[in-house]
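**Student:** here you go, sequence then predicted model.
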Amino acid sequence: ELKVEQNPLFLSMQEGKNYTIYCNYSTTSDRLYWYRQDPGKSLESLFVLLSNGAVKQEGRLMASLDTKARLSTLHITAAVHDLSATYFCAVSNNAGNMLTFGGGTRLMVKP
Amino acid sequence: EPEVTQTPSHQVTQMGQEVILRCVPISNHLYFYWYRQILGQKVEFLVSFYNNEISEKSEIFDDQFSVERPDGSNFTLKIRSTKLEDSAMYFCASSEGRARGTIYFGEGSWLTVV
């Protein structure tokens, strides 16, 4: 059974600081997704990582995937208040028809 | 930008009643999914659907649940006899292919069972 763990579960940071969210998973997969969720809202797709060593950047967020270590990171550069949300990673099974989500990281960026 | 739409946005139902949640996936997508999120918890997979049949389902998706694509646009989740623990946000999602590209999620349907 695929297990996905994120840490930290909660992150409070000051604006302008950098931080990294980690996503570990238990079985082989080369497809990993990052989503953002605002309270009471849907899941907004941030990144799709489809191969070992994949790195994608959008604004202040950068995601990477190391399939050998079964680890993905979401790095936040110079955080701003608008980035406050819950971030989920999700790993696809080998058949590509199911995502297993991590527990989420609730990010709060203080002015 | 195309989007997945869901109705209703919120439904309150009595325990034991049947509920149908409706979704209109993005028009050229071939894979459809239902996920749920109990308040404050992580998102859980329920079922995936392709070519008019279930492709994968989780342990949560027992005989109480069913999915259907009754016409060319709608994708429905039916919960036959609701229980209190079915209270959750139910998300529909769709994708063009199998997990090689973005999986788009709808806004969700809040189900409250009383």
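**Tutor:** Thanks, I have it.
**Student:** quick one: residues contacting A:L74.
**Tutor:** Residues near A:L74 by C-beta atoms under 8 Å, 6 or more residues apart in numbering or on different chains: A:T20, A:I21, A:C23, A:W34, A:L46, A:F47, A:L61, A:M62, A:A63, A:Y87, A:C89. Using the backbone N, CA and C atoms, a C-beta is placed for each residue, glycine as well.
**Student:** out of those residues, who's nearest A:T100?
**Tutor:** A:T100 lies nearest to A:C89 out of the contacts of A:L74, by C-beta to C-beta, at 9.6 Å.
**Student:** picking that back up, the contacts of A:L74 in strands, which ones?
**Tutor:** A:T20, A:I21, A:C23, A:W34, A:L46, A:F47, A:L61, A:M62, A:A63, A:Y87, A:C89 (DSSP state E).
**Student:** can I get those in a markdown table with pLDDT?
**Tutor:** What follows is the ones in strands among the contacts of A:L74, written out as a markdown table (pLDDT from 0 to 100):
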| residue | pLDDT |
| --- | --- |
| A:T20 | 97 |
| A:I21 | 98 |
| A:C23 | 98 |
| A:W34 | 97 |
| A:L46 | 96 |
| A:F47 | 95 |
| A:L61 | 98 |
| A:M62 | 98 |
| A:A63 | 98 |
| A:Y87 | 97 |
| A:C89 | 97 |
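**Student:** show me what residue 32 bridges to in the sheet.
**Tutor:** With no chain named, the answer covers chain A. A:L49, A:V91 (DSSP bridges).
**Student:** sorry, should have said chain B
**Tutor:** Assigned bridge partners for B:F32, using DSSP bridges, are B:F49, B:S94.
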